[in-house]
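Colleague: The following block contains a protein sequence and its predicted model.
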Amino acid sequence: MSALVALQGSLKPATTSKRKPPKAAVRSGTRKPAAAKQSCPAPGSFITDEFHCSHGKLSFRFYTPRGSKRRNLPLVVMMHGCSQTASDFAVGTGMNALADELGCLVLYPQQSQRENLARCWNWHRPKNQSRGQGEPALISALTRHAIALGNGNPKRVYIAGISAGGTAAAIIGAAYPSLFTAVGVHSGVARGNIRTLPGALAAMRGESRARLTTKAPRPLPTIVFHGDGDRVVHPSNAAGFLETLERSQPGGLVSKTVYGKSGRGRDFTRKVYRSANGEILLEDWTVHGSGHGWSGGNAFASYTDPTGPDASREMLRFFLSRQRA
């Protein structure tokens, strides 16, 4: 199922259940009594669990890297795309192997089919576009839970995703800039004035573009990947991230363009935008000839392009060089 068709699955109203979860299963996102405190997962473990808070509930997978038992590691939150699962996305991105190499925790939230039949994140709905409600509030609460669970470093927390998950990552990062340090978006739409499903589909087709209608705070440092052969999310959407930055940036930007080729033959263009004082604010990668798939990903998972530059490694390089003051 294509991501475009999958997003249309969100037209079906979400079903709800009046049955409450057992009290023992409810996690509020706040600190538990010492007797009930959950121990940190062992190095090399990839656990499956379910998180509950006042904003809803989510299944998730959580990877703790191999090696030393030392904690205070960075945390990367990975938002899958439509029709994917947390496990599929972990395989496709290869992020767990890189976590072993570079030393970070990885959290994979998984959208419920109760909320969207195709497991799309419902980023186009107004309730899911701001702080304190909907999916941003739920993901931020789960992220705090993961920091506590893995004894992660709260100054080094990053969020990334593909397609609907990439757009959701941009929205959540903007809603919680005191929690997240940087954002990665692969094949996604920039946050802006889209409030309806038809508007989302038009942007995905390249018939319109998400735009901020008012001046907004400067976005978190962002790294963006698009394939110029993408027929699900039109590559013109990449320009929306630069427009958002330009609209918020009080001074001019300094840009540099680099051309290259991946080890497996994909040409790419990488544009880097810095502030006047040299801070990198945006990296925009265009993978030539690539479609709607994670660049450099594993062919055994959905929506990947194994021949492209390694988006996972580049995102971690971009992320791990930053921490909040």
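Modeller: Done, it's in. This structure is a prediction, so every number in the text was calculated from the model and none was measured. Numbers count the residues shown, from 1 in each chain.
Colleague: In the chain, spot the helix with the most residues.
Modeller: Longest helix in the chain by number of residues (criterion: DSSP state H): helix 134-150.
Colleague: Packing partners of the following helix or strand past it?
Modeller: Following helix 134-150 in sequence order, the next helix or strand is strand 157-162 (DSSP states H and E). If you count contacts as 3 or more Cβ pairs under 8 Å, 6 or more residues apart in numbering; DSSP states H and E, strand 157-162 packs onto strand 75-79, helix 134-150, helix 164-175, strand 182-186, helix 311-320. For the C-beta atoms, the positions are set from N, CA and C on the backbone; glycine is no exception.
Colleague: avg pLDDT for the longest helix of the chain?
Modeller: In this model, helix 134-150 has a mean pLDDT of 97.
Colleague: can you check stretch 66-82 too?
Modeller: Stretch 66-82 comes out at a mean pLDDT of 89.
Colleague: tell me which residues of that stretch are tucked away?
Modeller: Residues 73, 74, 75, 76, 77, 78, 79, 80, 81, 82 are the ones in stretch 66-82 that count as buried (16 or more other Cβ atoms under 10 Å).
Colleague: Pick the one among the residues you listed closest to residue 291.
Modeller: Residue 291 lies nearest to residue 81 out of the buried residues of stretch 66-82, by Cβ to Cβ, at 12.8 Å.
Colleague: Am I right that the closest one is in contact with residue 165?
Modeller: Yes: between residue 81 and residue 165 there is a contact at 5.0 Å, judged by Cβ atoms under 8 Å.
Colleague: related to what we said a few turns ago, ok and the longest helix of the chain relative to helix 164-175, angle-wise?
Modeller: 80 degrees (axes from the mean of the first three to the mean of the last three Cα atoms, to 10 degrees).
Colleague: Just give me how far helix 134-150 sits from the chain centre.
Modeller: Between the centre of helix 134-150 and the centre of its chain there are 13 Å (Cα atoms, centre = their mean, to the nearest Å).
Colleague: hang on, the earlier thing: closest to residue 52 out of the buried residues of stretch 66-82?
Modeller: Once Cβ to Cβ is applied, the member of the buried residues of stretch 66-82 that ends up nearest residue 52 is residue 77, at 17.8 Å.
Colleague: okay if I get the helices and strands packed on strand 157-162 as CSV plus distance to residue 247?
Modeller: Shown next, in CSV, are the helices and strands packed on strand 157-162 (distance: least, Cβ to Cβ, whole Å):
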stretch, distance to residue 247
strand 75-79, 24
helix 134-150, 21
helix 164-175, 13
strand 182-186, 16
helix 311-320, 22
